[in-house]
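Peer 1: Sequence and predicted structure are below.
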Amino acid sequence: MRKPDGKIVLLGDMNVGKTSLLQRYMERRFTDTVSTVGGAFYLKQWRSYNISIWDTAASPGPGSAQLPTGRRRLLRAGRSHVRPAVPPPPPPTPGLQAATGREQFHGLGSMYCRGAAAVILTYDVNHTQSLLELEDRFLGLTDTARADCLFAIVGNKVDLSEDGPGESRQEGGGGPGPAGSGCAAPRLPRQVQPEDAVALYKKIIKYKMLDEKDVPAAEQMCFETSAKTGHNVDLLFETLFDMVVPVILRQRAQGPPQTVDIASYRPPARTKSGCCA
Ligand SMILES: Nc1nc2c(ncn2[C@@H]2O[C@H](COP(=O)(O)OP(=O)(O)OP(=O)(O)O)[C@@H](O)[C@H]2O)c(=O)[nH]1
Ligand SMILES: [Mg+2]
């Protein structure tokens with residue numbers, strides 16, 4: 001299998017719809033999901049480039065969205081609903097194995113972000129805490145991403161908001177599963193406004209010590225989506241793919257990363273005198 005040319009990682013609190021967004025885009029459907037365990041990725045060919053898109057698990061934070069009982073039960077049973085496109089990432093280091101579940105997630109989260117060209121920070125527009133968690137718990141995980149990593153802030157589940165867009169046939173409807181069951185969920189007063197996402201984007205630029213004029217404008221990088229209806233899902237992923245291509249080209253121009261690939265590392269042969277050959 002060809003090595004991916006670039007990596008995009010989805011991060012965000014439990015239940016915000018990371019898996020559903022990815023499934024909507026890659027499989028063109030919305031079905032019931034169970035909470036992700038570990039992580040898995042899809043490979044997307046975009047023009048002549050292979051882009052891996054990583055779905056990650058979020059351990060429940062102090063203010064995490066309440067999980068429906070069924071999802072919690074499945075989580076305890078340790079099932080993962082996303083079939084990994086390729087084997088899962090390397091196991092955590094022994095140090096991480098000894099860590100608590102939450103610490104382990106943080107280790108894994110930053111491992112998934114290593115070398116990422118873009119990170120999709122996902123929240124639920126009907127749940128303020130999920131936006132706050134992005135800054136408090138998830139932003140730090142992106143320290144291992146590329147220095148020129150792009151950030152998209154994505155407010156999902158707009159179909160549940162009172163002021164959200166309606167379902168349109170053009171966007172694919174719900175397909176099989178809960179969205180196609182015909183009974184619309186009651187609409188909720190939205191808790192997060194688009195300006196809140198823009199404010200977070202600006203904070204991220206500061207946190208990364210970047211200059212606003214060197215990065216895409218907030219309005220370009222903040223999206224409101226519905227994995228259920230498909231609203232803005234293609235726009236989100238395809239805008240990012242187009243933006244990631246120049247990052248891939250820059251990466252190629254810089255040459256291979258200056259890190260040791262432990263799997264293929266061979267110690268240098270020694271001469272009789274004990275010096276390296
Ligand atoms: N109405 C509505 N429900 C959604 C949407 N996206 C996801 N859901 C539902 O929200 C729940 C959580 O979705 P997931 O995609 O599993 O969320 P996740 O962020 O991957 O959750 P974890 O894997 O636990 O971190 C599921 O019941 C989905 O059917 C959406 O856009 N609209
Ligand atoms: Mg998931």
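Peer 2: Ah, there it is. Everything quoted here is computed from the prediction, not taken from an experiment. Numbering: from 1, shown residues only. Ligands and ions are numbered 1, 2, ... in the order given.
Peer 1: Could you report the neighbour count for residue 154?
Peer 2: 26 (other C-beta atoms under 10 Å). C-betas here are computed from N, CA, C, even on glycine.
Peer 1: Neighbouring strands of the host helix or strand of it in the sheet, and parallel or not?
Peer 2: Element membership for residue 154, per DSSP states H and E: strand 150-156. Strand 150-156 has these partner strands in its sheet, going by DSSP bridges: strand 118-124 (parallel), strand 222-224 (parallel).
Peer 1: Quick check: mean pLDDT of the shortest one?
Peer 2: Right, the one you point to is strand 222-224. What strand 222-224 shows for mean pLDDT is 98.
Peer 1: Between strand 150-156 and the helix or strand following it, find me the angle.
Peer 2: Heading C-terminal from strand 222-224, the first helix or strand you meet, by DSSP H and E, is helix 233-254. Interaxial angle of helix 233-254 relative to strand 150-156 (axes from the mean of the first three to the mean of the last three C-alpha atoms, to 10 degrees): 170 degrees.
Peer 1: Helix 233-254 - contacts with which helices or strands?
Peer 2: strand 6-12, helix 18-27, strand 39-46, strand 49-56, strand 118-124, strand 150-156, strand 222-224 (3 or more C-beta pairs under 8 Å, 6 or more residues apart in numbering; DSSP states H and E).
Peer 1: CSV please, covering these and showing distance to ligand 2.
Peer 2: Shown next, in CSV, are the helices and strands packed on helix 233-254 (distance: least, C-beta to the ion, whole Å):
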stretch, distance to ligand 2
strand 6-12, 8
helix 18-27, 3
strand 39-46, 9
strand 49-56, 6
strand 118-124, 10
strand 150-156, 12
strand 222-224, 18
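Peer 1: Out of the ones you listed, which is closest to ligand 1?
Peer 2: helix 18-27 (3.3 Å; C-beta to the nearest ligand atom).
Peer 1: Flag every residue of this structure that's near ligand 1.
Peer 2: 12, 14-20, 32-33, 35-36, 57-58, 156-157, 159-160, 178, 185, 226-228 (C-beta under 6 Å from any ligand atom).
Peer 1: So which bits of the stretch 1-150 of the chain are right by ligand 2?
Peer 2: Residues of the stretch 1-150 of the chain lying near ligand 2 by C-beta under 5 Å from the ion: 18, 19, 36.
Peer 1: 8 Å instead, please
Peer 2: 14, 18-20, 33-36, 55-58, 81-82 (C-beta under 8 Å from the ion).
Peer 1: Report the buried members of those.
Peer 2: Among these, the ones that count as buried by 16 or more other C-beta atoms under 10 Å are 14, 18-20, 33-36, 55-58, 81-82.
Peer 1: Columns pLDDT on top of those, output as CSV?
Peer 2: As requested, those are exported to CSV (pLDDT from 0 to 100):
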residue, pLDDT
14, 94
18, 97
19, 96
20, 97
33, 85
34, 87
35, 90
36, 89
55, 95
56, 91
57, 87
58, 78
81, 39
82, 41
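Peer 1: Of those residues, just say which sits nearest to residue 134.
Peer 2: residue 58 (10.5 Å; C-beta to C-beta).
Peer 1: Would you mind pulling up the elements that the helix or strand residue 130 falls within packs against?
Peer 2: Using DSSP H and E, residue 130 sits within helix 128-133. Secondary-structure packing of helix 128-133 (3+ C-beta pairs under 8 Å, 6+ apart): strand 118-124, helix 194-207.
Peer 1: Of these, which stretch is the most buried?
Peer 2: strand 118-124 (a mean of 27; mean count of other C-beta atoms under 10 Å).
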